[in-house]
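[1] Here is a sequence together with a model predicted from it:
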Amino acid sequence: MALVVQKYGGSSVSDAEKIKHVAARVIATQAQGNQVVVVVSAMGDTTDELIDLANSVTTDVGGNREMDILLTAGERISMALLAMAIKDQGLKAMSFTGFQAGISTDSEHGSARIWKIDPKRIQDALKDGNVVVVAGFQGFSFENGDTTTLGRGGSDTTAVALAAALKADICEIYSDVDGVYTADPRIVPRARKLAQIDLDSMLELSSSGAKILYIRAVEFARRHRVPLRVRSTFSADPGTLVYTTKEGEEMEEPVVSGVAADSTQSKVTVIGVPDRPGKAAEIFQAVAEAGANIDMIVQNVSTTENHLSDISFTLPHNDRHKAVEALKAKQGDIGFQSVSYDDEIGKLSIVGAGMKTSSGVSAKLFGALAKAGINIEMISTSEIRISVVTRADQLKEATRIVHTAFELDATETAVIYAGTGR
């Protein structure tokens with residue numbers, strides 16, 4: 001008997017009929033001889049509606065205890081309704097909150113990290129023949145017992161973490177597209193669905209802006225060697241297997257697996273930095289203390305008689321203000337001339353494990369962008385990824401051009417069932 005963990009996103013459980021449809025899929029999975037644990041997100045736009053409601057009664061909603069208690073209500077509604085629907089269709093089911101499921105976290109409200117999972121209650125319920133339905137996105141602090149939320153993509157992370165703790169045979173992530181595509185099909189209509197992709201490439205795509213799987217969930221899967229399958233709630237397509245290779249295994253990987261576009265970043269430039277050891281460290285220490293997460297970094301070589309250089313870096317839009325303010329507060333101590341920012345940028349990335357052993361990838365990427373008249377402002381690379389920063393208003397065009405240049409286009413238009421990607 002296999003143990004299957006399934007996660008259904010908000011678009012999959014957005015109304016009563018869709019919840020009944022998910023219940024039927026879960027029942028069909030158990031009928032194949034499997035034990036089934038289901039993780040659910042809040043219905044549709046419930047989380048956004050709860051945030052709006054909080055904003056209507058207070059101006060302080062960021063990362064606090066009461067906000068976490070409020071936001072976890074959405075997933076609790078979904079879990080209870082799905083358990084009821086499963087029972088109504090003839091199976092035994094039990095629903096569990098994050099606390100009841102034994103998901104213990106640190107105490108960082110709004111972005112807690114999982115410390116450990118004690119799945120005993122889940123295991124007991126499975127032995128008793130139940131389908132177990134768990135509220136995603138939430139846990140409880142091992143430090144003080146408070147309810148916590150896991151931040152963006154928290155339900156994906158919940159599902160993968162439970163799969164690891166339960167030693168599940170597979171963790172299936174259901175959304176409104178048929179799997180992992182070579183690009184976002186909302187940007188590239190002829191994006192091609194991948195039958196499989198390695199976890200390292202999936203990790204790079206997620207970190208570069210691909211929304212189908214959140215990076216924390218992929219990191220957890222990679223660390224604990226959890227096989228993933230990305231599927232659609234609304235079709236019978238087998239989806240995409242996201243696999244991990246064992247040491248010594250050799251897999252023939254495509255040169256480029258996919259193209260990711262990220263329009264959620266800003267660029268900050270620190271101008272006139274003294275070209276002396278330790279100054280870059282001071283800059284990034286200030287940014288780190290502000291709680292901002294940096295992505296790409298470029299430093300210009302000092303060419304002036306004053307020995308000054310410029311340092312540019314990218315970071316999420318939401319972190320830009322606090323990073324800039326932290327730098328301005330330290331300007332006198334660090335000794336740079338000024339700081340500027342640009343919110344109108346876009347990041348384009350190509351990812352593929354086969355890039356490690358293939359030449360000419362950079363030339364093809366830069367050549368395709370140059371031919372289309374798209375300027376590159378920053379470049380960053382890893383062993384299996386090349387990222388460039390362009391103007392935000394050119395990002396979609398650049399994504400389509402690069403996708404075609406690497407011969408990733410499919411012959412047919414991709415199907416999007418619900419329109420949100422989650």
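    It's in. Note that the coordinates shown come from a computational prediction; the quantities given were computed from them, not determined experimentally. Numbers count the residues shown, from 1 in each chain.
[2] Report the secondary structure element holding the residue located most distally from the centre of the chain.
    The centre of the chain is farthest from one residue, Glu305, which by CA atoms, centre = their mean lies 44.9 Å away. Using DSSP states H and E, Glu305 is not contained in any helix or strand.
[3] If I look at it, what pLDDT would I see?
    pLDDT, Glu305: 70.
[4] The one 10 residues further on too?
    Note for Leu315: predicted pLDDT of 95.
[5] could you point out which element follows the one helix or strand it maps to?
    In the assignment (DSSP H and E), Leu315 maps to strand 308-316. The helix or strand immediately downstream of strand 308-316 is helix 317-334, counting by DSSP H and E.
[6] Pull out the buried positions in that next one.
    By neighbour count on 16 or more other CB atoms under 10 Å, the buried set for helix 317-334 is Asp319, Arg320, Ala323, Val324, Ala326, Leu327, Lys330, Ile334. (Glycine included, C-beta is placed from N, CA and C.)
[7] do the same with stretch 374-385
    By neighbour count on 16+ other CB under 10 Å, the buried set for stretch 374-385 is Ile374, Glu377, Met378, Ser380, Ile384, Arg385.
[8] likewise stretch 194-204?
    Going by neighbour count (16+ other CB under 10 Å), the buried part of stretch 194-204 is Leu194, Ile197, Asp198, Leu199, Asp200, Ser201, Met202, Leu203, Glu204.
[9] Which of these fall within strands?
    Using DSSP state E, the members of the buried residues of stretch 194-204 that fall in strands are Ile197, Asp198.
[10] Same list, the buried residues of stretch 374-385, but as JSON lines with secondary structure please.
    Converted to JSON lines, the buried residues of stretch 374-385 look like this (DSSP: H, G, I helix; E, B strand; the rest coil):
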{"residue": "Ile374", "secondary structure": "coil"}
{"residue": "Glu377", "secondary structure": "coil"}
{"residue": "Met378", "secondary structure": "strand"}
{"residue": "Ser380", "secondary structure": "strand"}
{"residue": "Ile384", "secondary structure": "coil"}
{"residue": "Arg385", "secondary structure": "strand"}
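[11] hey, where'd the strands end up in the stretch 51-200 of the chain?
    Here the stretch 51-200 of the chain has its strands, by DSSP state E, counting those that start in this stretch, at 93-96, 103-105, 114-117, 131-135, 138-141, 147-149, 170-175, 196-198.
[12] count of residues packed around Gly278?
    10 (other CB atoms under 10 Å).
[13] meant to ask about Ala54, not that
    17.
[14] Look up the closest residue to it, ignoring the ones flanking it.
    Distance criterion CB to CB, 6 or more residues apart in numbering; nearest residue to Ala54, sequence neighbours excluded, is Val61 at 4.6 Å.
[15] ok so, going back, which of the buried residues of stretch 374-385 sits closest to Ala42?
    Closest approach between the buried residues of stretch 374-385 and Ala42, by CB to CB: Arg385, at 32.1 Å.
[16] And the closest one, how close does it get to Lys211?
    17 Å (CB to CB, to the nearest Å).
[17] Could you do Asp146 as well?
    From Asp146 to Lys211 the distance is 29 Å (CB to CB).
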